[in-house]
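Colleague: Return atomic coordinates for the entry below.
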Amino acid sequence: MMAAGRSAELGAKVLLAEKTSQLGAKLLMTGGGRCNITNKASFKEFIAAFGKNGKFLYRALHVFSNQDLVDFFSARGLNMRADPDGKIFPANDSAESVLKVLRKYLEDNNVQVRHNTAVQKIICHESKVTGVQTADGRILAGGKVIIATGGLSYPKTGSAGDGYKLARDCGHTIIPLRPGLIPLESDEEFIPVLPGLTLKHILISIVIDGKIKASAQGDILFTHFGVSGPTVLILSRMAVDALDLGQKVELALHLLPEYNNHDFEKYLQEELDSRGSKTFANYVKDILPDSLAPVFVRRCAIPPEKKCSIITREERKIIARCFTDFRINITSPRPIAEATVTRGGITIKEIDPQTMESKKVKGLYFCGEMIDLDGLTGGYNLQEAFSTGYLAGMKAAE
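Modeller: The predicted structure is shown next:
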């Protein structure tokens, strides 16, 4: 929508071919229906959020920054607000209001929208675009084509990976597609009794073949299949890659991160000494949520009825280890259809970052999740879609 609107705003005659019966179905799902459109992060932080491929976005983010995006909506009557964590939402917390502005943008600039129109083939002549062919055999002529079909996740919204095939048929290289920002599955026996439990402000580490590879403080949400939550989604990238290589993947939870490991043993000794005749099970109930407490006691393998005052030094070490290094075995990511973003896509080596035009086919442009770019959770990926869409639309119109 941003690509089509910007092209038309600059005077191009634009037709938007939409596969489904409505525009923006996936947009309505973002941010739990509130639409986390961007982040107030600095330019440097935005580039870093996309890892090794982040530098590809220099031009797109300069042409259409997070502030430009906020101004775009504000100028059209939709105010924005920034949360303390940097995420930016419409002030009314409505993804529908974001979509309404974009639809009006298309309307005001006379973009012709054709619903239920699936593009099956990009038509080229001598490495130059001349139009597209739809699934029902119609030819739509055009000297410029922008592919903005999204990734593989949530295919019911129309985002089924069609664009990757179109690009491949035009000679483009597709970096293997994997789930990004994805919940993780576990086979731990306690998982079925913990769904709905959220542990806040704990330290979560990803452990690969016994070695800690990354850590982040935040929340973890237990589900019927394993674990989720923003911090888990961020760490999922490393988990997915390690699992693909057949490596052992675990999460290590430090349940009380305000204490480092050395301080914790001292704290624990003082705690147990002060509890005297209280049982170990009841002590744990005082510290941890009701559903997690019995799981923790079983993990420690210390008799639940044992009095705190007679817990041995070796048992204290076990308890301390469970508090500071509670392990959860990870077996697989959730299916890619449930991923927040698709990792992989058209290699950035074959796209001009100054224009978003293909280096292989003149007049062919790409934007958004089609490209091998995936950022952190928190509005980064939507900003990337808007910025690359804006730049592609602008350059196609020129």
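Colleague: which residues of the chain score low on pLDDT?
Modeller: Across the chain, no stretch falls below the confidence threshold (pLDDT under 70).
Colleague: would you list every one of the helices in it?
Modeller: 2-9, 43-49, 58-63, 66-74, 95-108, 162-169, 230-244, 261-275, 280-287, 292-300, 313-324, 380-397 (DSSP state H).
Colleague: can you list these in CSV and add distance to Leu253 and mean neighbour count?
Modeller: Glycine gets a C-beta too; all of them are placed from N, C-alpha and C. As requested, the helices of the chain are exported to CSV (distance: least, C-beta to C-beta, whole Å; neighbours: other C-beta atoms under 10 Å):
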stretch, distance to Leu253, mean neighbour count
helix 2-9, 40, 25
helix 43-49, 25, 17
helix 58-63, 35, 18
helix 66-74, 33, 18
helix 95-108, 32, 17
helix 162-169, 37, 19
helix 230-244, 11, 20
helix 261-275, 13, 14
helix 280-287, 14, 17
helix 292-300, 10, 18
helix 313-324, 9, 16
helix 380-397, 26, 25
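Colleague: Distance to Cys367 for these - can I get that in TSV?
Modeller: Listed next are these as TSV, based on distance: least, C-beta to C-beta, whole Å:
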stretch	distance to Cys367
helix 2-9	6
helix 43-49	16
helix 58-63	8
helix 66-74	14
helix 95-108	14
helix 162-169	10
helix 230-244	22
helix 261-275	47
helix 280-287	49
helix 292-300	44
helix 313-324	45
helix 380-397	4
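Colleague: Contacts only, for the nearest residue to Lys317 once chain neighbours are set aside.
Modeller: Counting by C-beta to C-beta, 6 or more residues apart in numbering, the nearest residue to Lys317 once its immediate chain neighbours are dropped is Glu265, at 7.3 Å. Glu265 is in contact with Arg316, Lys317, Ala320, counting by C-beta atoms under 8 Å, 6 or more residues apart in numbering.
Colleague: can you dump the C-alpha coordinates of stretch 265-276 into CSV?
Modeller: Output in CSV follows, covering the C-alpha atoms of stretch 265-276 (Å, rounded to 0.1, in the frame of the first residue of the first chain):
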residue,chain,number,x,y,z
GLU,A,265,24.2,-18.7,47.6
LYS,A,266,24.8,-16.3,50.5
TYR,A,267,21.3,-15.0,50.1
LEU,A,268,19.8,-18.5,50.0
GLN,A,269,21.7,-19.6,53.2
GLU,A,270,20.3,-16.6,55.0
GLU,A,271,16.8,-17.3,53.7
LEU,A,272,16.8,-20.9,54.7
ASP,A,273,18.3,-20.2,58.1
SER,A,274,15.6,-17.6,58.8
ARG,A,275,12.8,-20.1,57.8
GLY,A,276,13.7,-22.6,60.5
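Colleague: right, and out of the contacts of Glu265, which lies closest to Val240?
Modeller: The nearest member of the contacts of Glu265 to Val240, counting by C-beta to C-beta, is Ala320 at 31.3 Å.
Colleague: mind listing what that closest one touches?
Modeller: Residues touching Ala320, when contacts are defined by C-beta under 8 Å, 6+ apart, comprise Asn261, Phe264, Glu265, Leu268.
Colleague: And Glu45, by the same measure?
Modeller: By C-beta under 8 Å, 6+ apart, the residues touching Glu45 are Asn39.
Colleague: count of neighbours near the residue lying closest to Val232 once chain neighbours are set aside?
Modeller: Counting by C-beta to C-beta, 6+ apart, the nearest residue to Val232 once its immediate chain neighbours are dropped is Ile220, at 5.8 Å. Burial measure for Ile220: 20 neighbouring residues, criterion other C-beta atoms under 10 Å.
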